[in-house]
Structures are given as C-alpha cells and as structure tokens.
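Student: Here is a sequence with its predicted model. Questions after.
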Amino acid sequence: MDTQTQASADWVALETKHASGAYAPKPITFVRGEGVRMWDAEGKEYIDCGTGIGVAALGHAHPALTKAIADQASTLMTVAAGYYHNDVRAAFMAKLAQIAPEGMNRVFVSNSGTESIEAALKMAKLKTGRSGVVAAIRGFHGRTMGTLGATWKKTYREPFFPLIPGYSHVPFGDVHAIKEAVTQETAAVLLEPIQGEGGIYPAPEGYLKKVREICDENGALLILDEVQSGMGRTGKWFACEHSDVVPDALCLAKALGAGMPIGATVFKDELSFDKGQHGSTYGGNPLACRAALTVIETIESENLLQHIAEVGEYFKEGLLALADLNPDKIKEVRGIGLMLAVQTKDKVAPILNALLENGVMALGATPTSMRFLPSFIISKDEVDHVLSVLDDVL
C-alpha cells in the first residue's frame, strides 16, 4: 500500500473513525522517516525531537537496525520463552547483563515499559512478603492496573478507583520524606532517576544514595524506572550511574528496541522467579531481542555514549542561552544528555504548535514544560537548526 498517494486528512479521518478515543493526536500523518527526520503525507520535512517519546534512539530506518530486523524476520520471529531456549534471546540477555550495573545479571524480557515495572513489583512482593510501595510525586510508571497506583497524575488514576492498595507518594528529592515513608511494611521504593513525563527532573545530588541506604535499613527493594532515561539517553548506559547507585531491579523499554516494542527488567540473582510466577507470550521473542541486541551493539560501535554526552551538553548550553535571551518566557532549563526540558512561564502548547508548524517536533510534559528527546545520532548542526527555530518561535 502506498500511503503517500493520499492526503494527511484522509488518513486522519480514517484513523479517527476506528480509534479507541484514548488519544488526541495532531492532525498530521507521518509516513516516512530517515535519520533524525520524518516526513508527513504531504512531503513536509520535520526534525524529530520527540522520537516516539524517546523511542527512536538510532533515528529512523537506521541501516544496521533495519537489516537486523529483516534478517531475523526471515529466520525466526517467535519462540515462547516459557517452553524453549533461543540463541538470539540468550545473546541479548547476556549482552544486557554485561552493560548493567554490577551484580545485575538476570533479565525478564517483556514488551513495554509498564510491563517491565509490573515484573519488578511482583519481585518485590515475593522477596519481602510485603505490599507497600513508595513512589514520588510527579512520577510516571505506566497505566496498567498494577502500575497505576505508582503513577502520580490524578487524571490517570482517579477514573479507575479503587486501585490496588499500598501505594504512597512523597516529594521527589526529599530524603526526610522518604525516610518517614519507608517502614517495615514497605516492599519497594520505585523512582525514576530522572523524572520524564513529570518535566525532566534529575535526582538531586546524593539523593539516590540516601534512598539506597534507607531501603537497605528497612529491608525494602530499590526499583529504578529507567524506561525513559536508560539505554544511553543521558550519556551513560543508565542514569543511575551518574549517582553511582545500584538498584535491586532496573526497568527498561523505549530506547531499548529503538522502535521495536520490547521491555526488560534487569535484576539481582536473589529476586529470580520460581517457575510459573510470571510470564509473557511475546516477551523475549527473537525479533524484538535481535533489534535490542543490535541497538546495544550499535551504540557501542558508533561510540554514541560519548556523542550523546557531548551533543547533549551543546544542546543544553544552547537552550540556556535562549533562556538568557528570553527571561520573560523561559523559567528554567533542565536535563542531562539528550533528555532535556524547557520550563516556560506561560502555557507551552502555543510554542509546541509553532515549532511543529516550522518543522520541529518536540513533546509536552507539564502544561508549562516541553521535552526534547532526540535520537542519539543527532548532530550539532541539527541541534543548531532546532535552536534557531525555537529562537524564532520565542
């Protein structure tokens, strides 16, 4: 089917007719991508700084990734992990364990970020025999019934009350609040090292180390949600490395498959499930595992961690310069690597719309903050273009 023979409005009307109603997308139909760019049905070009909410880590149609997916699709796409072993799955799990923080050498493979957190929460309850979970205000951990209690935003939670009991929320970065909240009834503390949907708030210096100590003192697990911050987005494989903290379980997705749906929970030996305690029909399928393995290998072979750190700092400096030029419009710039946010003094929606009209895709977070989550291969020249467009819009 040649999707480019019809106008965007035709596809918008068709999708709207059959969609669930859960989303409210912009009236634009994207039909092609290459590198850091995407094109709509009318042929208009955009620089993608949203990347499917931080998913397209290698950009669009990366040659190594597309070849790996095509090769695997023509070889073997599915082997149920609950019944048989698989060479690609084994290689992927071994590679992920190799780059994971020390001592984390077990992997449960799933299909999404919220599933990776579900697995970690199950581990915590099995290990501790407790039910309490402490999460953070502004945190986002998914929308399934198991993770919804940990997600802070009330509009996500309240329509589905009553939720699973035992969840509580404390201010992010407040050590005293965590110390008060964690008790002998707490199974786990669940945190994002950098809050993503909450507006890109990195953990304050020393905070995660203190949380680690508090968990250890009370026999609770520390689960770090790196669904958005992991797999290199901050210039290190995992954001917790900036704090020199090793969690009990690490939850991954988004950039892990760079477009192929996959989630993974990486954890310590002592948290392993017994047979039948958890499972996933599609989790660990060879197609997704081949994609994720290729993502890790490509980040290594193209030295992208260093590139992310350098270009991310360059991008942040450019945003800070724009903040200095527009003190009446920009309140703050936050983030690490290629996980950046601009906090505005007024509603951010008009700025995002104007950026889109001028060929730059960015994401909202809160009503007054926007996120930039470009692919790991973005160049300084492309960053300059994004900054120029933002300057004009402001």
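Tutor: Sure thing, it's come through. Residues are numbered from 1 along each chain as shown.
Student: how close does residue 111 get to residue 196?
Tutor: Plainly put, residue 111 is 19 Å away from residue 196 if you go by C-beta to C-beta, to the nearest Å. Glycine gets a C-beta too; all of them are placed from N, C-alpha and C.
Student: Could you check which of those two has the larger neighbour count?
Tutor: residue 196 (27 against 21; other C-beta atoms under 10 Å).
Student: And that one, its phi and psi?
Tutor: phi -90, psi -80 (degrees, to the nearest 10).
Student: quick one, what contacts it?
Tutor: Counting by C-beta atoms under 8 Å, 6 or more residues apart in numbering, residue 196 touches 54, 140, 227-229, 339, 365, 371.
Student: from those residues, which ones fall inside strands?
Tutor: Judged by DSSP state E, those include 339, 371 as members of strands.
Student: For residue 233, see how far away the residue nearest to residue 383 when sequence neighbours are not counted is.
Tutor: The shortest distance from residue 383 to any non-neighbouring residue, by C-beta to C-beta, 6 or more residues apart in numbering, is to residue 315 (4.8 Å). Residue 315 sits 12 Å away from residue 233, going by C-beta to C-beta.
Student: repeat for residue 320
Tutor: Residue 320 is 19 Å from residue 233, by C-beta to C-beta.
Student: How about residue 28?
Tutor: 25 Å.
Student: the more surrounded of these two?
Tutor: The neighbour comparison of residue 28 against residue 233 (other C-beta under 10 Å) goes to residue 233, with 30 against 17.
Student: how about the contacts of residue 196 in TSV, adding distance to residue 200, pLDDT and neighbour count?
Tutor: Formatted as TSV, these follow (distance: C-beta to C-beta, whole Å; pLDDT from 0 to 100; neighbours: other C-beta atoms under 10 Å):
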residue	distance to residue 200	pLDDT	neighbour count
54	11	98	24
140	12	98	24
227	14	98	28
228	9	98	27
229	9	98	30
339	6	98	25
365	7	96	22
371	6	98	26
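Student: do you know how far the spatially most central residue of the chain is from residue 218?
Tutor: In the chain, the centroid-proximal residue (C-alpha atoms, centre = their mean) is residue 228; its distance is 1.8 Å. Between residue 228 and residue 218 the distance is 27 Å, computed by C-beta to C-beta.
Student: Ok, residue 197 next?
Tutor: 28 Å.
Student: Neighbour count: those two, which is higher?
Tutor: Applying other C-beta under 10 Å to residue 197 and residue 218 shows that residue 197 carries more neighbours, namely 21 against 16.
Student: For the closest residue to that one other than its chain neighbours, give me its contacts.
Tutor: What sits nearest to residue 197 in space, not counting adjacent residues and going by C-beta to C-beta, 6+ apart, is residue 140, at 4.0 Å. Neighbour list for residue 140: 151-153, 192, 195-198 [criterion: C-beta under 8 Å, 6+ apart].
Student: Now, those residues that are in strands?
Tutor: Per DSSP E, those map to strands at residue 195.
Student: got the contacts of residue 140 as JSON lines, with distance to residue 168 and pLDDT columns?
Tutor: Formatted as JSON lines, the contacts of residue 140 follow (distance: C-beta to C-beta, whole Å; pLDDT from 0 to 100):
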{"residue": "151", "distance to residue 168": "13", "pLDDT": "98"}
{"residue": "152", "distance to residue 168": "11", "pLDDT": "97"}
{"residue": "153", "distance to residue 168": "15", "pLDDT": "95"}
{"residue": "192", "distance to residue 168": "16", "pLDDT": "98"}
{"residue": "195", "distance to residue 168": "17", "pLDDT": "98"}
{"residue": "196", "distance to residue 168": "21", "pLDDT": "98"}
{"residue": "197", "distance to residue 168": "19", "pLDDT": "96"}
{"residue": "198", "distance to residue 168": "17", "pLDDT": "97"}
